[in-house]
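>>> Everything below, folded, please.
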Amino acid sequence: MLDVRQLACLRGDRLLFRRLDLHCAPGSLTRVAGANGMGKTSLLRLVAGLARAESGDILWRGEPIASCRDAYHAALLYLGHAPALNELLTPLENLRFACALGGDAVDDTACTAALARIGLARQIGLPCKLLSQGQRRRVGLARLYLGHTRPLWVLDEPFTALDAAAVTALAAHIDTHVAAGGAVLFTTHQDVPFQQALRTLDVEAFAP
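So this is what the prediction gives:
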């Protein structure tokens with residue numbers, strides 16, 4: 001699916017990493033590891049097409065992502081570290097808006113079911129400003145329960161602010177996506193109980 005070849009990332013005047021290679025095949029689960037400030041989030045943003053690499057190539061099914069932008073974005077589900085929410089809208093309204101912005105045609109029934117699966121059945125009608133940090137995080141994560149048509153998931157700290165039960169449930173959902181032939185690239189500082197085989201890419205191994 002995804003090939004990253006000899007990638008280098010510059011932030012300001014600091015080179016975070018160089019000559020980084022990564023291959024995400026169908027059915028792969030890859031954790032990006034490394035100390036804070038070493039480039040984990042920067043790598044995910046490069047892969048998501050949200051930033052430009054200093055050098056190197058990012059290929060989707062053999063083509064540079066810049067050359068197949070529409071097809072790549074249709075195959076990609078990216079969730080950043082901070083939930084992008086309108087605090088005055090409800091979880092249902094935020095999820096519906098996020099799906100529409102991402103080009104996913106989903107109805108209220110599907111959105112409601114996704115929010116219930118992530119543990120927000122009782123908060124669907126509340127404005128997000130009344131939710132806890134963990135509940136806000138779950139609003140964004142609900143997209144994963146609507147993302148089965150997108151084979152590549154790129155997730156920055158998806159388990160942050162979740163309780164143990166929610167971590168286990170989300171890990172099981174990610175396992176299901178991987179078992180169905182999807183690929184997941186993610187960061188986390190937590191020990192997560194995955195059933196699928198987990199690979200680790202340490203960005204510090206590519207520090208200059």
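
>>> Next, the residue nearest to the spatial centre of the chain: secondary structure please.
When the chain is reduced to its mean C-alpha position, the closest residue under Cα atoms, centre = their mean turns out to be L155, at 1.9 Å. Under the three-state scheme (DSSP: H, G, I helix; E, B strand; the rest coil), the conformation of L155 reads as strand.

>>> What is the longest helix anywhere in the chain packed up against?
Using DSSP state H to assign secondary structure, the helix with the most residues in the chain is helix 164-179. If you count contacts as 3 or more Cβ pairs under 8 Å, 6 or more residues apart in numbering; DSSP states H and E, helix 164-179 packs onto strand 29-33, helix 133-141, strand 183-187. From N, CA and C alone the C-beta is placed, and that goes for glycine too.

>>> That helix: which residues count as buried?
Buried residues in helix 164-179, counted by 16 or more other Cβ atoms under 10 Å: 166-167, 170-171, 173-175, 177-178.

>>> Can you lay out the residues you listed as TSV showing distance to R14 and pLDDT?
Converted to TSV, the buried residues of helix 164-179 look like this (distance: Cβ to Cβ, whole Å; pLDDT from 0 to 100):
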residue	distance to R14	pLDDT
A166	35	89
V167	33	92
L170	33	94
A171	33	96
H173	36	96
I174	32	97
D175	36	97
H177	34	97
V178	34	97
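
>>> Those into JSON lines, with extra columns for distance to C99?
Compiled in JSON lines, the buried residues of helix 164-179 are given as follows (distance: Cβ to Cβ, whole Å):
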{"residue": "A166", "distance to C99": "21"}
{"residue": "V167", "distance to C99": "24"}
{"residue": "L170", "distance to C99": "18"}
{"residue": "A171", "distance to C99": "23"}
{"residue": "H173", "distance to C99": "17"}
{"residue": "I174", "distance to C99": "19"}
{"residue": "D175", "distance to C99": "23"}
{"residue": "H177", "distance to C99": "17"}
{"residue": "V178", "distance to C99": "22"}
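
>>> what's the most distant pair in those residues?
The largest separation in those, counting by Cβ to Cβ, is between A166 and V178 at 18.7 Å.

>>> pLDDT weak spots in the chain?
Applying pLDDT under 70 to the chain picks out no residues at all.

>>> can you give me the strands for it?
Using DSSP state E, the strands of the chain run over 2-11, 14-24, 29-33, 55-60, 63-64, 76-79, 152-156, 183-187, 199-202.
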